[in-house]
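Q: return a 3D structure for these sequence lines:
(chains A, B and C)
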Amino acid sequence: MPELPEVETVVRGLREPLIGRTIQSVWWDWTKSIRYPDPHSFAARVSGQTVRAIERRAKYILCRFDEDILVVHLKMTGRLYVVGDNEILDSDRWAHVRFQLDGGRQLRFSDSRKFGFVTLVTDINEIAPSLGPEPLSDEFTPSVLKMRISKHQKSIKAVLLDQHVLAGVGNIYADEALHMAKIHPMRGASGLSNEEIARLYTAIRTVLSEGIEREGASVNWYRKPDGTSGDAQNHFAVYDREGEACLTCGSPIYKTRVAQRGTHFCATCQPLP
DNA sequence: CGGACAACCTGGCGGC
DNA sequence: TGCCGCCAGGTTGTCC
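A: The predicted structure is shown next:
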């Protein structure tokens, strides 16, 4: 899925068309895309509510009404977008949940793989308790990173993917950040030096910020709410570049398996001790 | 606690 | 062209 930069891009793109709009009705064709409450209760409760704010927490999209919060997780292939009156007949066989808005437009949750979901809560902690800090927030500092990763014995890659340690980093940006910080993904998280942690801190913030500036990475399914692609995929240093030359040293990029995830790295820039 | 793996699903791609 | 196996941005739960 979309990771932090992609979700942030979706959130920014939805504010203009959604804030101030009132949901009139809800249509669905896949019950499990609506996690809570049951679809009929969900539709009844959402109908008549007006969108007051759109925010992001980790990889969750928060659509705030007066009391309730509509939470959306895109998982691997989810999309959230608004179609206008003239495009209302556009077909999207994967748009499993559709919110009819006042003014004639429609908010769609589309998800070919059906891993994602929409749900209704009154507090984000109901679905995502104990999430780690936002990596781009002021509360995230090198010492916070050190404190949070050093208590884990597993690989640094696995720790970066753990949303309870740090919220929002996924498989692509974990590989990119580790390459930028010159740290091998299989290094033990508790064995990193202060200097390495400082580099990793800067690298995480840099790759995520650049990802947002480029409006996300369109690998496969991700699209911005307006339907166009982001640009971050054209700037990957290692992700999806197996066999190609490292942009830093020219050595071939290797792909392996770490934490059960495809993992890309440069053995020259990111040596194991 | 950590690691391996299955589940949840479908589509795209490479190989034969 | 057709079929088959494998891979995929995430998260959660189970088992050892």
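
Q: hmm, stretch A:24-33 in reach of DNA strand C?
A: No - Stretch A:24-33 does not reach DNA strand C (Cβ under 7 Å from any atom of the strand); its nearest approach is 11.7 Å. C-beta: built from backbone N, CA, C; applies to glycine.

Q: can you tell me if that stretch touches DNA strand B.
A: Yes - residues of stretch A:24-33 are located near DNA strand B by Cβ under 7 Å from any atom of the strand, namely A:K32.

Q: start to end distance for that stretch?
A: 19 Å (Cα to Cα, to the nearest Å).

Q: got the buried residues for that stretch?
A: Judged by neighbour count (16 or more other Cβ atoms under 10 Å), stretch A:24-33 contains these buried residues: A:Q24, A:V26, A:W28, A:S33.

Q: measure the second one to A:L70 for me?
A: Yep, that's A:V26 we're talking about. Distance from A:V26 to A:L70, counting by Cβ to Cβ, to the nearest Å: 10 Å.

Q: mind listing the shared neighbours of the two?
A: Shared contacts of A:V26 and A:L70, defined by Cβ atoms under 8 Å, 6 or more residues apart in numbering, comprise A:V46.

Q: and the contacts of stretch A:62-78?
A: Contacts for stretch A:62-78 (Cβ under 8 Å, 6+ apart): A:1-2, A:6-7, A:10, A:14, A:18, A:45-46, A:49-56, A:59-61, A:80, A:94, A:109-113, A:115-124, A:127, A:220-221.

Q: from the chain's centroid, how far away is that stretch?
A: 12 Å (Cα atoms, centre = their mean, to the nearest Å).

Q: same check on stretch A:250-268?
A: Here the centre of stretch A:250-268 is set off from its chain's centre by 22 Å, with Cα atoms, centre = their mean.

Q: interface residues of chain A facing DNA strand B?
A: So chain A meets DNA strand B at A:32, A:93, A:112-115, A:151-155, A:158, A:220, A:259-260 (Cβ under 7 Å from any atom of the strand).

Q: out of these, which are buried?
A: Counted by 16+ other Cβ under 10 Å, these give A:S112, A:K154, A:S155, A:A158, A:A259 as buried.

Q: since we're on A:I204, how many residues are nearby?
A: Using other Cβ atoms under 10 Å, A:I204 is surrounded by 26 other residues.

Q: let's see which of the buried ones among the residues of chain A next to DNA strand B end up in helices.
A: Counted as lying in helices by DSSP state H, out of those, are A:A158.

Q: for stretch A:236-251, which outside residues touch it?
A: So stretch A:236-251 is in contact with A:171-172, A:175-176, A:179-180, A:217, A:219, A:233, A:252-255, A:264-269, going by Cβ under 8 Å, 6+ apart.

Q: surely A:T9 touches A:S218?
A: No - between A:T9 and A:S218 there is no contact under Cβ atoms under 8 Å: 10.2 Å.

Q: hmm, which of the residues of chain A next to DNA strand B is lowest in pLDDT?
A: Here the lowest pLDDT out of these sits on A:N220, with 70.

Q: returning to what we had before: what about the residues of chain A next to DNA strand B, which are in strands?
A: Applying DSSP state E to these, no entry is found in strands.

Q: flag every residue of the stretch 101-250 of chain A that's near DNA strand C.
A: Counting by Cβ under 7 Å from any atom of the strand, the residues of the stretch 101-250 of chain A near DNA strand C are A:113, A:115, A:127-128, A:161, A:163, A:170-172, A:216-222.

Q: restricting to C-alpha, output stretch A:114-133 in PDB.
A: Output of stretch A:114-133 as PDB, limited to C-alpha atoms (Å, rounded to 0.1, in the frame of the first residue of the first chain):
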ATOM      1  CA  LYS A 114     -10.100  -6.200  -0.700                       C
ATOM      2  CA  PHE A 115      -7.500  -5.900   2.100                       C
ATOM      3  CA  GLY A 116      -8.400  -2.300   2.900                       C
ATOM      4  CA  PHE A 117     -11.500  -1.100   4.800                       C
ATOM      5  CA  VAL A 118     -13.600   1.800   6.100                       C
ATOM      6  CA  THR A 119     -14.700   1.900   9.600                       C
ATOM      7  CA  LEU A 120     -16.400   4.300  12.000                       C
ATOM      8  CA  VAL A 121     -14.900   5.300  15.400                       C
ATOM      9  CA  THR A 122     -15.100   8.100  17.800                       C
ATOM     10  CA  ASP A 123     -11.400   7.800  18.700                       C
ATOM     11  CA  ILE A 124      -8.500   6.700  16.500                       C
ATOM     12  CA  ASN A 125      -7.200   4.600  19.400                       C
ATOM     13  CA  GLU A 126     -10.200   2.300  19.000                       C
ATOM     14  CA  ILE A 127      -8.600   0.800  15.900                       C
ATOM     15  CA  ALA A 128      -5.000   1.700  16.200                       C
ATOM     16  CA  PRO A 129      -3.800   1.700  19.800                       C
ATOM     17  CA  SER A 130      -0.200   2.300  20.700                       C
ATOM     18  CA  LEU A 131       0.900   3.500  17.300                       C
ATOM     19  CA  GLY A 132       4.500   4.900  17.300                       C
ATOM     20  CA  PRO A 133       5.300   8.600  16.800                       C
END
